[in-house]
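Novice: Can you look at this prediction? I've put the sequence above it.
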Amino acid sequence: MNNDFTTTIQNISQCWYLKDVLDVATNKQRTDGRYPKRIGSTFWQIIVPGIGKSAALFYLYDNKGNRKNGYLQTSMVHGVDITEESDNCDAELRITTLNSIFILTPTEPKQESDLAE
């Protein structure tokens, strides 16, 4: 059964900070390719249409805090784990793909106008 996670993700937070990207096989941080430049980026929208489909993470800021256009498209999503905020922990979103685990946490834009359409 496919489940569109987009609404649930949006209901938790409008903005998400990419805290880390792990290698599925080793559970260690991805340091290859573009991953070091992606970690630390902020996204204004995350679309996860379901298991077995690619996710799209739309950039708001790059890893240096500069405005950025475009999006990051993942490989096929194998799982989504959403932990909502509780007394002892912050909300966290984990998107597991074929090769990576994207770990994101809610954040706020630098200014509200950054989210204006």
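Specialist: Arrived safely. Numbering: from 1, shown residues only.
Novice: I figured Asp81 hits Phe102, correct?
Specialist: No. Under the contact definition of Cβ atoms under 8 Å, Asp81 does not touch Phe102, with a separation of 10.8 Å. (Glycine included, C-beta is placed from N, CA and C.)
Novice: Which one's more surrounded, the two?
Specialist: Using other Cβ atoms under 10 Å as the criterion, Asp81 and Phe102 rank with Phe102 on top: 27 against 12.
Novice: In space, what's closest to the more buried one - neighbours in sequence excluded?
Specialist: Ile95 (4.4 Å; Cβ to Cβ, 6 or more residues apart in numbering).
Novice: so the one you found sits in a strand?
Specialist: Yes. The assignment for Ile95 is a strand, going by DSSP: H, G, I helix; E, B strand; the rest coil.
Novice: how many neighbours does it have?
Specialist: Ile95 has 23 nearby residues by other Cβ under 10 Å.
Novice: picking up where we left off before, what do Asp81 and Phe102 both touch?
Specialist: 93-94, 96 (Cβ atoms under 8 Å, 6 or more residues apart in numbering).
Novice: For Leu57, which residues are in contact?
Specialist: Leu57 touches 16, 18, 43, 45-47, 71-74, 102, counting by Cβ under 8 Å, 6+ apart.
Novice: Can I get these in JSON lines including distance to Pro109?
Specialist: Output for the contacts of Leu57, formatted as JSON lines (distance: Cβ to Cβ, whole Å):
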{"residue": "Trp16", "distance to Pro109": "11"}
{"residue": "Leu18", "distance to Pro109": "15"}
{"residue": "Phe43", "distance to Pro109": "11"}
{"residue": "Gln45", "distance to Pro109": "12"}
{"residue": "Ile46", "distance to Pro109": "14"}
{"residue": "Ile47", "distance to Pro109": "18"}
{"residue": "Tyr71", "distance to Pro109": "17"}
{"residue": "Leu72", "distance to Pro109": "18"}
{"residue": "Gln73", "distance to Pro109": "22"}
{"residue": "Thr74", "distance to Pro109": "22"}
{"residue": "Phe102", "distance to Pro109": "20"}
